[in-house]
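Engineer: only geometry, no sequence info:
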């Protein structure tokens, strides 16, 4: 509320609405809260008293003990939860906290949409990138709202909805939380310069997922040192120590070493394993294309995917609908468009690398990965999305991909995680 007011994005109300709010008992409580805020910060918050009154009323109105009971927006929420269940096999229909949260949210959100109010969501980028599954559920919910009320849902509003679904997924144990960086030590038989080169190579590749605490020679390794870190990367055998933390690597890192380190710092995803070799077919790798805008780029890729039988016309239209609802650009020259609804059979990812970056929505994009995950494989959706995000952005893989585009077309090794 304070951020919105500071940004001069105050909410406006009709006179009749203000008079109705003033007649409610919650108005007196809201006015007292606003008065204390104004006194504390030395400002006049104008109509924010009505906005706060609205939320106080909503918080009392939507205390739903039994989802079977009748309540406002019941039909809308049931359709939202059914759509999510049908399209993702995720059943949230018994989550009373989610139902209460959605009912409260819809009361305020529909008013914002009716008055075309776009309130900034400070957490939007973090939600999209760190909790992509929750965001996709919110996109599905937003489509239901759009179809019901003929109102265009803004991306910031979808982000607010995603927070409710993120909490619900957390309660259900389905959220894959961002992992803390692993603390590591490098044991190197060579000189200091070689050890530092090894350190820089690992740090550059894995980014914020690993913190190299120190490098040291073999004779300085102690049990206390091993106990103080999560991982010991060593180029020499440590015969006197036995720990699952110790990982033997080559002095000059090879792909197998990178995979060993990655497996050590990343928890194995629950459920279905992902064969990345299988989901990146060579015939869907386009290393040097030239388009003027995102619509041309998406039309080109989806057209070929439809022609080759990877997607249907309905899935193609769903990809464009999803892009219309919320941009799939991630920053750092990357966009990952995907379908809102998907009834295909095969999980594949097409890779499009442009000769020059184009303006996607708000950011410039040069690498486009069209993610095609069918409904019956939705369990791997977030796993694949996060892995691509981590590699391309967290590990600066987008630079290597652009630089080695023609080599990758022949060998297709870049995504063999």
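Structural biologist: Perfect, thanks for sending it. Fair warning: this is a prediction, and the values are worked out from it, not measured in the lab.
Engineer: roughly how far is stretch 296-315 from the heart of the chain?
Structural biologist: For stretch 296-315, the separation from the chain centroid amounts to 24 Å (computed by CA atoms, centre = their mean, to the nearest Å).
Engineer: Run through who's touching that stretch.
Structural biologist: Applying CB atoms under 8 Å, 6 or more residues apart in numbering, the external contacts of stretch 296-315 come out as 283-284, 286, 289, 291, 316, 319-320, 323, 337, 339, 341-344, 346, 348, 350, 352, 354, 358, 368, 370, 372. No exception for glycine: its C-beta is placed from N, CA and C like everyone else's.
Engineer: out of the residues you listed, which are inside helices?
Structural biologist: Secondary structure assignment by DSSP state H places 316, 319-320, 323 of these in helices.
Engineer: Dump those residues into a markdown table; add pLDDT, distance to residue 90 and neighbour count as well.
Structural biologist: Putting the ones in helices among the contacts of stretch 296-315 into a markdown table (pLDDT from 0 to 100; distance: CB to CB, whole Å; neighbours: other CB atoms under 10 Å) gives the following:
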| residue | pLDDT | distance to residue 90 | neighbour count |
| --- | --- | --- | --- |
| 316 | 95 | 24 | 18 |
| 319 | 95 | 21 | 24 |
| 320 | 95 | 24 | 16 |
| 323 | 94 | 22 | 21 |
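Engineer: Out of those, which comes closest to residue 29?
Structural biologist: residue 323 (43.0 Å; CB to CB).
Engineer: and the closest residue to the closest one other than its chain neighbours, how far is that from residue 381?
Structural biologist: Taking CB to CB, 6 or more residues apart in numbering, and ignoring the residues beside it in sequence, residue 323 has residue 337 as its nearest neighbour in space, at 5.5 Å. From residue 337 over to residue 381 the distance is 14 Å, taken as CB to CB, to the nearest Å.
Engineer: Who has more neighbours out of those two?
Structural biologist: Each of residue 337 and residue 381 has its neighbours counted (other CB atoms under 10 Å); residue 337 has more, 24 against 20.
Engineer: Dihedrals phi and psi, the more buried one?
Structural biologist: Note on residue 337: its backbone torsions stand at phi -70, psi 160 [degrees, to the nearest 10].
Engineer: low-confidence ranges in the chain?
Structural biologist: Scanning the chain with the threshold set as pLDDT under 70 gives 1-12, 55, 57-70, 118, 174-179, 190-192, 266-273, 408-417.
Engineer: follow-up on the earlier one: just the buried ones from the contacts of stretch 296-315?
Structural biologist: Buried residues within these, defined by neighbour count using 16 or more other CB atoms under 10 Å: 284, 286, 291, 316, 319-320, 323, 337, 339, 341-342, 344, 348, 350, 352, 354, 358, 368, 370, 372.
Engineer: Break this structure down into its structural domains.
Structural biologist: Under the assignment automatic domain parsing, the domains of the chain span 2-171, 182-265, 276-411.
Engineer: what about the shortest one, distance to the chain center?
Structural biologist: If you compare the mean C-alpha spot of domain 182-265 with that of the full chain, they lie 30 Å apart, counting by CA atoms, centre = their mean.
Engineer: ends of stretch 117-132, how far apart?
Structural biologist: With CA to CA, to the nearest Å as the measure, the first residue of stretch 117-132 is 25 Å from its last.
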